[in-house]
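A.B. asks: quick one: sequence plus predicted model below, questions after.
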Amino acid sequence: MENGRDYLQHVLNCLCTRLAQIDQAILEGEKEVEDMHEYYWENYTEMDEYGYENYDNQQALFHQMHANEEQFLLRKRFKKMLDSPFFGRVDFVYDGDDEPEIFYIGIGNLSETAGHRPLVYDWRAPVSGLFYDYDKGPAAYEAPSGTFSGEVVSKWQYKIRRGKMIYEFESDVKIDDEILGAELGSKGEVQLKNIVRTIQKEQNAIIRNTKDRIMVIQGAAGSGKTSVALHRIAYLLYHDRENLKSSNILVLSPNGVFADYISHILPELGEENIREMSFDLFAYRELKGIAADCEDRYDQIERVIICPESQELCRKKQSAEFAGKLDAFMLGMEDDLMNFKDVEYKGCILKEKEIIDLFYFKFLDIPLLSRMEAVAEYFIDQVETLRDRDLADEEKEELTERFQGMYETRDCYILYSRFLEQEGYKALPRLPLEKRKLRYEDVYPILYLKYSLFRCKGHHGIKHVVVDEMQDYSWIQFVLLKKLFPCKMTILGDKAQTMEEQQQDVLKFLPKIFGRDIRKIVMNRSYRNTMEIAQYANRLTGVSDIELFDRHGDAVEEMQFKNLHTALDRVLEKWEQKREDYETEALVLFTEREAEHAFLYLEEKLRTLDPDGEYQLTYMNRDSQNFKKGLTVTTFYLAKGLEFDQVFGVFHAEDNSGLAAQARYITATRALHELHMYDVED
Ligand SMILES: Nc1ncnc2c1ncn2[C@@H]1O[C@H](COP(=O)(O)OP(=O)(O)OP(=O)(O)O)[C@@H](O)[C@H]1O
């Protein structure tokens, strides 16, 4: 137990035995399922007429399939553990005991036989908290049965690869900075890494927080927000297995590439992948019946680059004030929109006065444009009772339509346009549904209108939502999120990375939307960049309150070029120099047009230099779905959230706008090891 190397051998032997047992169990389980199928086909004609036996058979089959599935998952986890079964150890003396208990910590639980004391504890187990939260000395951890206090007498760290011990040492400090430095300095990863070996105390507090309903994390660039959010999900799935499944979790992320970039973390931590979507995509689906097409956030950014004044209009239309005006407008519609009249159907009459009573009193709680449906249902019920028969579906439909006819219109597009005019904004063009395309600034106000005027379906399967890049969400978007997902949330972002002229601090208004449920946390320690890169980036926007991890690298290369092509030639040259050293590089530009142009130029150039060469050069646009090795050419707004070993930023020398400064900052903070910032005069 005490010698890491011997223990490793013991654990590996145990893993092999368990794996062999699991293989056997899987074989038997599959045979069992086969037999059940066979039995069914041979006997189904003789089963009882009520289907009881059939039902029992089905249940037994599901049960067996579920058991097989569990074995598959276990096998997957144990196979992963064969590579590196544990990475840490804590020796803990419980209060009242003399001898320490030794706990080895890894990516999953492992015991010699199922249900026995683990040889290795999952990093999410209560006792594993000791490893992340304490140095040697008095310590305690929370478990479902209470708090356990005692003393950490020793802590060890291990690096094991392919079942071989690379190093082991006793460490005094929380997670030795040297190890963290080595992890951060390592190259060779393409996607985001899991950080279980080196989770920091303040990160651990967020990961293990199960009390707060709405956690909002303002974290500096590279402070580990995304990593922490994903590890938190893994933690919650582990701790609430009964109630929380991966299908109950939704991550709202900026785009497809980002989704791909983070997609392997949960499987690596032994969990299944979760649902992921951008809020924009969600909005477009919900607006299908209102407009045929919608712009996305990136259209909006491109427009602001060309016409900075349009930013103000967009900001106004997403504000609390604008939402307030929409609310007042909707209140006015309660009368203005209605045209009540008697309804007569096969001898039954519902008088106008009665309809008004039902509409304004009995069904007042139902949103305005869904309310008439309730009145119609009420009347249909009356007719059916009086005539003592159920109405056919077509009859019901026809009746409901007559009730719906009492609204002057139910089209949110028209209503919103009317509102805009009333408030002095330009109205939307009058077009049939199939020709309507919404500007980005109007997408969420119309969705707000829709969800205020119609019954909101709610997305009941979702029990936890993660919102990444919170600084890019407006007041109206957060109000909608609250309405749509009345569940727990982890909201994270960085005000310094706002994609607008001015930084947006959503922490100022979120408490007004979510009330007292909210818990704010600030993460100010940054891990991604070398000191040189982080200091350079911080100077760009005047960020000063970040604690930097002490890791050094080359100075940032700053150069000025006459035109874009000479700058791109330099990118090629530098890229070639370090191609062997790095897995991922990015060339980041301001606009989509520039990025596309740069990509085509580089592609052409490479083809001329070596027609048969393989380049690993990728253009990443808003529709891209994969994060790839090699040099990725893209815009600053698509690079956000990602990281690359080496980054080239190419910007207009004379553009000193607020947005250009933000773009430079976002670009610079993407670089792990090396950064080149090139200014182009022409
Ligand atoms: N405790 C840790 N141990 C090892 N690496 C860490 C740790 N915390 C963060 N990192 C590393 O720091 C980098 C930044 O992490 P991450 O992308 O999660 O940060 P972020 O706050 O979401 O960044 P940004 O907002 O700039 O996109 C990643 O490479 C991540 O692996």
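C.D. replies: Structure received.

A.B. asks: in stretch 307-325, what's buried?
C.D. replies: 310-311, 314-315, 317-319, 322-323 (16 or more other Cβ atoms under 10 Å). Backbone N, C-alpha and C define where each C-beta goes, glycine included.

A.B. asks: beyond the helix or strand bottoming out on mean pLDDT in the chain, next helix or strand please.
C.D. replies: In the chain, the helix or strand scored least confidently by mean pLDDT, DSSP states H and E is helix 177-185, which has a mean of 76. Helices and strands here follow DSSP states H and E; after helix 177-185, the next one along the chain is helix 201-207.

A.B. asks: which helices and strands does that next one pack with?
C.D. replies: helix 129-133, helix 225-239, strand 518-523 (3 or more Cβ pairs under 8 Å, 6 or more residues apart in numbering; DSSP states H and E).

A.B. asks: buried sites along the second one?
C.D. replies: Neighbour counts over helix 225-239 (16+ other Cβ under 10 Å) mark 225-239 as buried.

A.B. asks: of all the helices and strands packed on helix 201-207, which lies closest to the ligand?
C.D. replies: helix 225-239 (3.4 Å; Cβ to the nearest ligand atom).

A.B. asks: can I get that closest one as CSV, trimmed to CA atoms?
C.D. replies: Below are the C-alpha coordinates for helix 225-239, written out as CSV (Å, rounded to 0.1, in the frame of the first residue of the first chain):
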residue,chain,number,x,y,z
LYS,A,225,-13.7,28.5,-16.8
THR,A,226,-14.5,26.1,-19.6
SER,A,227,-12.4,23.4,-18.0
VAL,A,228,-14.0,23.9,-14.6
ALA,A,229,-17.5,23.9,-16.0
LEU,A,230,-16.9,20.6,-17.7
HIS,A,231,-15.4,19.0,-14.7
ARG,A,232,-18.3,20.3,-12.7
ILE,A,233,-20.7,18.5,-15.0
ALA,A,234,-18.7,15.3,-14.5
TYR,A,235,-18.8,15.8,-10.8
LEU,A,236,-22.6,16.5,-10.7
LEU,A,237,-23.2,13.4,-12.9
TYR,A,238,-21.2,11.3,-10.5
HIS,A,239,-22.9,12.6,-7.4
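
A.B. asks: tell me if that helix is near the ligand.
C.D. replies: Yes - Helix 225-239 reaches the ligand (Cβ under 6 Å from any ligand atom) through 225-227.

A.B. asks: want to try CSV for these, with pLDDT as columns?
C.D. replies: What follows is the residues of helix 225-239 next to the ligand, written out as CSV (pLDDT from 0 to 100):
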residue, pLDDT
K225, 94
T226, 93
S227, 93
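
A.B. asks: how about the helices and strands packed on helix 201-207, which one is nearest N538?
C.D. replies: Minimum separation from N538 across these (Cβ to Cβ) falls at strand 518-523, 15.4 Å.

A.B. asks: by contact count, what packs against that closest one?
C.D. replies: Strand 518-523 packs on helix 201-207, strand 214-219, going by 3+ Cβ pairs under 8 Å, 6+ apart.

A.B. asks: so the helix or strand just after that strand, near the ligand or not?
C.D. replies: Remark: after strand 518-523, the chain's next helix or strand is strand 525-526, criterion DSSP H and E. No - contact of strand 525-526 with the ligand (Cβ under 6 Å from any ligand atom) is absent, the minimum separation being 7.8 Å.
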